[in-house]
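[1] Attaching a predicted model along with its sequence, questions to come.
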Amino acid sequence: MLHPLPDELLKVPHRRDVPFARLTTLGVGGLCRWLFEPTTDQEAQAFVRACAREGLPWRVLGGGSNLVVLGDVVLPVLRLALPKEVHREGTKITAPASHGHIALAEAAANLGLSGLEFASGIPGSLGGAIRMNAGAYGHEWVEVLARYRFLTPEGELVDKAPEPGEFRYRWSFLTGGRVVLSATAALVEGDPAIIRAKVAENRARRGTSQPISKRNAGCIFKNPPGQSAGRLIDLAGLKGLRVGDAEVSAEHANFLVNHGKASATDFAELMAQVQARVRDFHGVALEPEVEIWRE
Ligand code: FAD
Ligand code: EPU
């Protein structure tokens, strides 16, 4: 057990026993026993430093849109609650990591800045998107990322431009106790009406190809090189495969949906069945794209 948590940690704003149903888009998992919600970079730094000093493991949560939580989480969870301001300098915009991702794409469009249209249907926070190098329609974050600020696992603040090897398909090195605090996108000027139309078009495309009206965590598995995991799952005949209230979506087979009461066990079981059957059918090992929290 974690008790007692150090005093410096308990000075950071926090809540107890928040259900993951409220913290994630998928809506499975148990309780977040300790949810720390710093409202400034300094409070976030105090959290990381206190945990580092105590040798205490912890986790960082954004919008919870790429997360499958398989039970209660007793480790302290950090979720940034920084002021939601977007700062423009020329054609660059900077926002805090806790800024809504879709809202940021919309803000860029309204400012007449092009480059984030791909992001317009990807939920969650900016921090989660940088950590995941989120992408869609042939684009991903690293293409527009000019600078980012993050805390090291020891709580040191780093402000830098991206370098080769730091980001690739649905992956970045920003794991293992690193916390993105803010990011700057380098965009180009364009006609706001045209940019807004592209944003709307991208969002509409989702409505026809993804089950956005049901609870889900986006694509569950990574696309194997040159292939679509959704297509492989579909070809294996798994649409509609169901464990309890968890089901392989009929609209897009790489989305597993929660019909309302799915348990963590239902989800873990359904993911394992999909992996086993795709391996048998295609000889392909699917790797989770979502983050899985077991404790
Ligand atoms: P979370 O789910 O909260 O966390 C994801 C990971 O990021 C965790 O490891 C967490 O620890 C880490 N993290 C969160 N915040 C920080 C931070 N500040 N610093 C360091 N690490 C952090 N993704 C795509 O790439 N493309 C898509 O087209 C897409 N479509 C989606 C559609 C739907 C309907 C849904 C529900 C999801 C979709 N996703 C997609 C997945 C998801 O939206 C992205 O991965 C998103 O960027 C995750 O952001 P988040 O804030 O919700 O992260
Ligand atoms: N397809 C099927 N059956 C299905 C699903 C897809 O046959 O059930 C086929 C489609 O018809 C299409 C091909 O597979 O020919 C690719 O499908 P889609 O365009 O939907 O793209 P995807 O490869 O399945 C990827 C990302 C999505 C992103 C879209 C759009 C991954 C794992 N998925 O999906 O990202 O939104 O492209 O760019 O990289 C996510 O990461 O969570 C995510 C949703």
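    That came through fine. Numbers count the residues shown, from 1 in each chain. Ligands and ions are numbered 1, 2, ... in the order given.
[2] what about the helices in the stretch 51-200 of the chain?
    Using DSSP state H, counting those that start in this stretch, the helices of the stretch 51-200 of the chain run over residues 101-110, 126-132, 192-209.
[3] Could you save the ones you listed as TSV and add columns showing mean pLDDT?
    As requested, the helices of the stretch 51-200 of the chain are arranged in TSV below (pLDDT from 0 to 100):
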stretch	mean pLDDT
helix 101-110	96
helix 126-132	98
helix 192-209	91
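[4] Helix or strand, whichever it is, which one in the chain has the lowest mean pLDDT?
    Among the helices and strands of the chain, helix 192-209 carries the lowest confidence by mean pLDDT, DSSP states H and E, at a mean of 91.
[5] Show me what counts as buried in stretch 52-61.
    For stretch 52-61, the neighbour count (16 or more other Cβ atoms under 10 Å) marks 52, 58-61 as buried. Where you see a C-beta, it was placed from the backbone N, CA and C, and this is true even at glycine.
[6] Mind listing residues that contact it?
    Stretch 52-61 has contacts (Cβ atoms under 8 Å, 6 or more residues apart in numbering) with 2, 5-6, 9, 23, 32, 35, 47, 50-51, 67, 73, 75-79, 127, 153-155, 177, 179, 293.
[7] Run the chain-centre distance for that stretch.
    19 Å (Cα atoms, centre = their mean, to the nearest Å).
[8] Pull out the buried positions in stretch 8-22.
    9, 12, 14, 18, 20-21.
[9] right, is the least confident helix or strand of the chain up against ligand 1?
    No: contact of helix 192-209 with ligand 1 (Cβ under 6 Å from any ligand atom) is absent, the minimum separation being 6.9 Å.
[10] sorry, back to before: which among the contacts of stretch 52-61 end up buried?
    5, 9, 23, 32, 35, 47, 50-51, 67, 73, 76-79, 127, 155, 177, 179, 293.
[11] Just those: which are in strands?
    Assignment to strands by DSSP state E places the following of these there: 32, 35, 67, 77-78, 179, 293.
[12] Same list (those) but as CSV, adding distance to S209.
    Below are those laid out as CSV (distance: Cβ to Cβ, whole Å):
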residue, distance to S209
C32, 32
L35, 34
L67, 22
V77, 32
L78, 33
V179, 33
W293, 28
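[13] Good, wrapping up.
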